[in-house]
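Asker: predicted model, plus sequence, below.
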There are 2 protein chains.
Amino acid sequence: MRVLGVDPGLTRCGLGVVDGGTGRKVSCVAVDVVRTPADASLAIRLLGISDGVEEWLDRYRPDAVAVERVFSQHNVRTVMGTAQAGGVVALAAARRGLPVVFHTPSEVKAAVTGSGRADKSQVTGMVTRLLGLVEKPNPADAADALALAICHLWREPMRQRLAEAEARAAELARKHRARLAAAAKTAKTKGAAR
Amino acid sequence: MRVLGVDPGLTRCGLGVVDGGTGRKVSCVAVDVVRTPADASLAIRLLGISDGVEEWLDRYRPDAVAVERVFSQHNVRTVMGTAQAGGVVALAAARRGLPVVFHTPSEVKAAVTGSGRADKSQVTGMVTRLLGLVEKPNPADAADALALAICHLWREPMRQRLAEAEARAAELARKHRARLAAAAKTAKTKGAAR
């Protein structure tokens, strides 16, 4: 399975493609950053990101896209732009029928380093080691994009098993309720017939 | 000039096309709301909005797109979705080379009703009157989209004159600095020759 990880941003949008192998084996296919000029309008910047991502989707043909879920804990203006960049990436993936999953920063950190509160340098260090890279991906957005892809590769099978288990549980609950309703109806009919 | 006004949102995205005539004359070309199901994924919802807007851009061929600028004063989760919907609209316009301008809610209210603090019903009422509509646009998102288009038609000429004036002022300042630098250089050369 091949995953495109995206660390969205208007100034720098990190892109990383990772292939998953058997077990926890992962290998880096490509990593880069799309930049858009700060003096361009929002629409033009979003267009730049969209074009960059479309090009990567064409070139690397991933099976899924993993995007960082943005929270508004920091500067509101920046967060809006980041959310919009992520939205444009999700749109490009959806246009091609690719699944898009959003992962929170702490999910990504936990998946890659074992701790949801790891700092940037720990994430970069682990990504470099896990992928057997000769040097650290630079800037941090590039390393984050790779971390997102790894997180997705490792979490997705579990997420799917969980979703299937939940669907089975919901189906059993539905059947149980139906049996209860049928029993209640029978009791009522018997009562009326008495 | 024809403007597509967009009140972005994932659940309801208001779209309104307005033609501007001489002076402050405006007429309604089309108004509607694009809805996306709350149980669909974010990517699929953004795709629905993008497709809806693309269809309107094809059908009505506006000269510009006016989008409501979102602030994160309310529910953060909702605001993110709204910002992303607006981003997707801006992207669709930028792809066609159309200018996209974001207007704040208070700019829109002020343009249409004269007060930046007008409430929803006042905006709807004025939009209905200004466009000579037989009945009020419904839901409010539809009325807001029309208000955005009107706001853009009325503000844009002034905004452009202001931008031109600022560009002229910047050019004059640049020339002035260049003359000062040249004078300083001449004075220095004379001093060295002495």
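Answerer: Arrived safely.
Asker: for chain A, give me the ranges with low pLDDT.
Answerer: The model of chain A has pLDDT under 70 over residues A:72-75, A:192-194.
Asker: that one: helices as residue ranges?
Answerer: In chain A, the segments counted as helices under DSSP state H are A:42-60, A:76-95, A:105-113, A:120-130, A:140-193.
Asker: burial count for the nearest residue to A:Leu133 once chain neighbours are set aside?
Answerer: Once flanking residues are discounted, A:Leu133 sits nearest to A:Cys28: 6.2 Å by Cβ to Cβ, 6 or more residues apart in numbering or on different chains. Where C-beta positions appear, they are placed from N, C-alpha and C, glycine not excepted. Around A:Cys28 there are 19 other residues, counting by other Cβ atoms under 10 Å in any protein chain shown.
Asker: give me every residue that touches A:Cys28.
Answerer: With contact taken as Cβ atoms under 8 Å, 6 or more residues apart in numbering or on different chains, A:Cys28 is in contact with A:Gly16, A:Val17, A:Val18, A:Leu131, A:Gly132, A:Leu133, A:Leu146.
Asker: could you redo the last one with a cut-off of 10 Å?
Answerer: A:Cys28 sits next to A:16-19, A:127-128, A:130-133, A:137, A:146, A:149-150 when contact means Cβ atoms under 10 Å, 6 or more residues apart in numbering or on different chains.
Asker: and which of these is nearest to B:Leu162?
Answerer: Top of the list for closeness to B:Leu162, among these and by Cβ to Cβ, is A:Gly16 at 43.0 Å.
Asker: and that closest one, how far is that from A:Gln122?
Answerer: 17 Å (Cβ to Cβ, to the nearest Å).
Asker: and those two? which has more neighbours close in?
Answerer: Legend: neighbour count by other Cβ under 10 Å for A:Gly16 and A:Gln122, higher for A:Gly16 (30 against 15).
Asker: my guess is the more buried one meets A:Asp141, correct?
Answerer: Yes. In this structure A:Gly16 lies within contact range of A:Asp141 using Cβ atoms under 10 Å: 9.3 Å.
Asker: now the common contact residues for these two.
Answerer: Residues touching both A:Gly16 and A:Asp141 by Cβ under 10 Å, 6+ apart: A:Val6, A:Asp7, A:Val31, A:Asp32, A:Val33.
Asker: just among the residues you listed, which is most surrounded?
Answerer: Scoring these on neighbours with other Cβ under 10 Å, the highest-scoring entry is A:Val6 at 32 neighbours.
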